[in-house]
Structure formats: structure tokens, C-alpha cells
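In: Could you look at this predicted model? Sequence included:
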Amino acid sequence: MKSLSPALQAHLDDGTTTLSWCWRISRADGVALGFTDHDRALGFDGTEFEPESGFAASEIRSGSDLAVDAQDASGVLTSDRITETDIVDGRWDNAAVELWRVNWADTSQRVLLRRGGVGQIRRGRMAFVAEVRSLAHVLGQTVGRTFQAGCDAALGDARCGINLENAVYKGFGVVTDLLRDRAFMASGMPGFNAGWFTSGTVTWTNGANAGRITEVLAHGLTDAIATLTLLEAPVRAIAEGDSFIARAGCDKRIATCGAKFGNTANFRGFPNIPGQDAVLRYASQDGGHEGNVL
């Protein structure tokens with residue numbers, strides 16, 4: 001049940017209304033953007049809502065169960081604040097969304113109808129469609145730790161304790177030859193064994209992708225020339241001469257944690273937890289089923 005101010009309720013009870021939709025989108029980088037379907041700019045709570053921005057929404061769908069309600073917000077790339085580059089770079093991903101119903105003649109008369117987050121974004125040549133998910137989607141996210149054989153810490157975080165800025169775990173390279181859109185050969189890293197940067201990251205320091213971070217799928221070495229294959233192709237094409245910083249990766253196994261990083265004491269997994277083979281075991285005559293601890 002929404003609670004309306006007396007002024008807004010009186011306006012709704014009147015025969016003629018002056019209502020509009022307003023969307024406030026707060027991106028993960030701290031930028032808050034406002035859009036409205038009204039024909040002039042509106043402002044409240046420190047946000048200016050841009051008019052006729054090419055941003056429109058579908059009907060609101062809500063259910064009484066805990067299913068994730070969704071709404072589509074579509075738009076054309078006409079606003080200076082909605083750019084294809086920002087969409088491709090992921091700056092709109094999981095952005096917080098507020099949907100307001102506002103009396104454009106007096107913006108103090110307004111009501112917040114729903115909150116949500118930006119989900120999947122589909123792009124076309126001249127337009128985009130963004131899925132706005134209700135807060136129920138948060139209920140589907142894992143909270144707390146999971147009991148698993150592999151480590152659940154991120155390499156280099158406080159729980160892991162490894163300093164990835166140490167020269168042992170960090171290398172500087174330059175692209176010398178392109179193999180595919182996400183694979184290339186690089187010089188400058190002859191001191192690292194093959195596989196050292198597998199599951200690690202590449203941070204581009206110059207070129208079209210400067211400042212962006214990409215995960216490494218595989219790391220090979222041939223005649224002191226490193227070959228890196230990225231998990232996904234970068235937003236923009238890689239070019240010869242692009243420089244980067246590669247940081248070591250971890251496959252989350254306790255053997256790797258000890259041999260590669262000497263960090264077994266901080267391993268955050270449960271390597272001795274019984275797997276599915278223990279669950280599927282059946283009685284046999286060759287022993288091993290006498291009731292002792294597995």
C-alpha cells in the first residue's frame with residue numbers, strides 16, 4: 001500500500017491531472033541520472049530529470065508471490081547521457097532504478113512507486129532495451145559463505161592476503177602480434193612460466209581499452225614470447241603496441257594455493273569435504289563400508 005501526501009491525493013481526486021513518469025538511475029560509478037517523459041525538465045531531491053530523452057518504459061508488472069517482477073525501459077541513443085560506449089562498458093549494469101509518479105506542475109507532489117535494478121540490456125544500432133528487475137531478484141543471490149572444495153576468496157583480497165602488486169605476481173607486457181580478437185602475443189614477460197597468468201587479469205594501460213580489466217583464460221610461452229587468450233574479447237579491438245599489466249591467477253585449489261603462493265594457511269575452501277562420489281557409494285564386499293569415518 002502506497003502512502004500518498006494529502007496534496008497529491010487531492011490532485012488525483014480532481015478531474016484533471018498533470019502527471020508524468022520520472023526515472024532516477026544511480027550507476028555503480030556514483031553517477032545519478034534522471035529522465036522523464038514530460039516535455040520539460042523537472043527536478044527534485046537534487047536530481048534533474050531530462051525531458052524527451054528517448055527513455056520510455058513498458059507497463060509495470062507485479063505479482064503477489066516472490067517471483068522477480070520486470071519492466072522494460074527502452075530508449076534511443078539521443079541523450080548525451082545515454083551513450084552506446086557506456087552501455088558496452090557495463091556502466092549501466094545493475095544500476096539502481098527508482099520509478100516516480102510526479103505532478104509536473106508541482107514536483108513536491110510525487111510518490112515512489114517501485115525500486116529495482118537494471119538487468120539484461122539488449123542493444124541495437126540506434127536503440128537499446130534495458131530490463132528493470134524488482135528488488136525480489138536480490139533474494140536469488142547467494143549470501144554468506146558456501147561449503148565447497150575450492151577457495152571462495154578473491155585472489156588478493158583481505159581474506160586471501162596475497163599482495164598482487166608484488167613483482168612476483170605482476171608483469172608488464174606489450175602486444176606484438178594479434179592472433180584473434182581476444183588472443184595475442186606479447187613481449188616483456190619472459191620471466192613467468194606458462195600458465196602463471198591463467199585465471200588472472202589483464203589491465204590495459206594504453207590504447208583503446210586503457211583502464212579496462214579483462215580476465216585471462218590461458219597463458220602460454222614460446223621462445224620468451226607470451227601468448228595470452230582472454231576470457232572475452234575487449235570492448236574495443238586490441239592493437240599492436242597496446243601495453244598492459246598482467247596479474248597472476250589462481251584456480252582455487254589448495255595444491256595451487258600452497259605451491260604457487262605459499263598461502264595454505266589462508267585457504268578459504270573445504271578440500272576434504274565429501275563429494276558426490278561419497279553420496280553415490282553403495283555397499284560392496286571389498287570393504288570401505290563398515291561404518292568408519294570417511
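Out: Thanks, I have the structure now. Residues are numbered from 1 along each chain as shown.
In: how near is the residue nearest to Arg159 when sequence neighbours are not counted to Gly171?
Out: Counting by CB to CB, 6 or more residues apart in numbering, Arg159 lies nearest to Ala153, which is 4.2 Å off, once chain neighbours are set aside. All C-beta spots, glycine's among them, are computed from the backbone N, C-alpha and C. Remark: distance between Ala153 and Gly171 (CB to CB, to the nearest Å) = 22 Å.
In: now swap in Gly117 and tell me
Out: In this view, Gly117 and Gly171 are 36 Å apart by CB to CB.
In: So which of the two has more stuff around it?
Out: Here Gly117 and Gly171 are compared on neighbour count by other CB atoms under 10 Å; more neighbours surround Gly171, at 23 against 18.
In: Make sure that one is actually in contact with Phe197.
Out: Yes - contact criterion CB atoms under 8 Å: Gly171 and Phe197 qualify, at 7.2 Å.
In: residues shared between the contacts of those two?
Out: Jointly contacting Gly171 and Phe197 under the rule CB atoms under 8 Å, 6 or more residues apart in numbering are Ala246.
In: pull the helix or strand with minimum mean pLDDT from this protein.
Out: In the chain, no helix or strand scores lower on mean pLDDT, DSSP states H and E than strand 70-76, which sits at a mean of 52.
In: Secondary structure element holding the nearest residue to Gly156 once chain neighbours are set aside?
Out: In space, and not counting its chain neighbours, Gly156 is closest to Leu164: 4.1 Å by CB to CB, 6+ apart. Using DSSP states H and E, Leu164 is not contained in any helix or strand.
In: Tell me the predicted confidence for Leu164.
Out: pLDDT recorded at Leu164 is 94.
In: just the one 5 residues further on next, same as before
Out: Per-residue confidence for Tyr169 comes out at a pLDDT of 94.
In: burial measure for it, as a count.
Out: Tyr169 has 22 neighbours, counted by other CB under 10 Å.
In: Just confirm it contacts Gly191, I think it does.
Out: No - counting by CB under 8 Å, Tyr169 stays clear of Gly191, with 11.9 Å between them.
In: how about the residue nearest to Thr205 when sequence neighbours are not counted, what does it touch?
Out: Nearest non-adjacent residue to Thr205, counting by CB to CB, 6+ apart: Ser243, 4.9 Å away. Counting by CB under 8 Å, 6+ apart, Ser243 touches 172-175, 204-207.
In: out of the residues you listed, which are buried?
Out: 173, 175, 204, 207 (16 or more other CB atoms under 10 Å).
In: ok, so of the residues you listed, who is nearest Glu48?
Out: Trp204 (33.6 Å; CB to CB).
In: The closest one contacts Gly211, correct?
Out: Yes - if you go by CB under 8 Å, Trp204 and Gly211 touch, sitting 6.7 Å apart.
In: From Met189, how far off is the residue nearest the centre of the chain?
Out: Geometric centre of the chain, nearest residue: Asp93, 6.2 Å, by CA atoms, centre = their mean. According to CB to CB, Asp93 and Met189 sit 31 Å apart.
In: I'd assumed Gly34 was in a strand, is it?
Out: Yes - assessed by DSSP: H, G, I helix; E, B strand; the rest coil, Gly34 belongs to a strand.
In: Please name the bridge partners of the spatially closest residue to it that is not a sequence neighbour.
Out: Closest residue to Gly34 apart from its sequence neighbours, by CB to CB, 6+ apart: Phe49 at 3.6 Å. Per DSSP bridges, the residues bridged to Phe49 are Gly34, Leu42.
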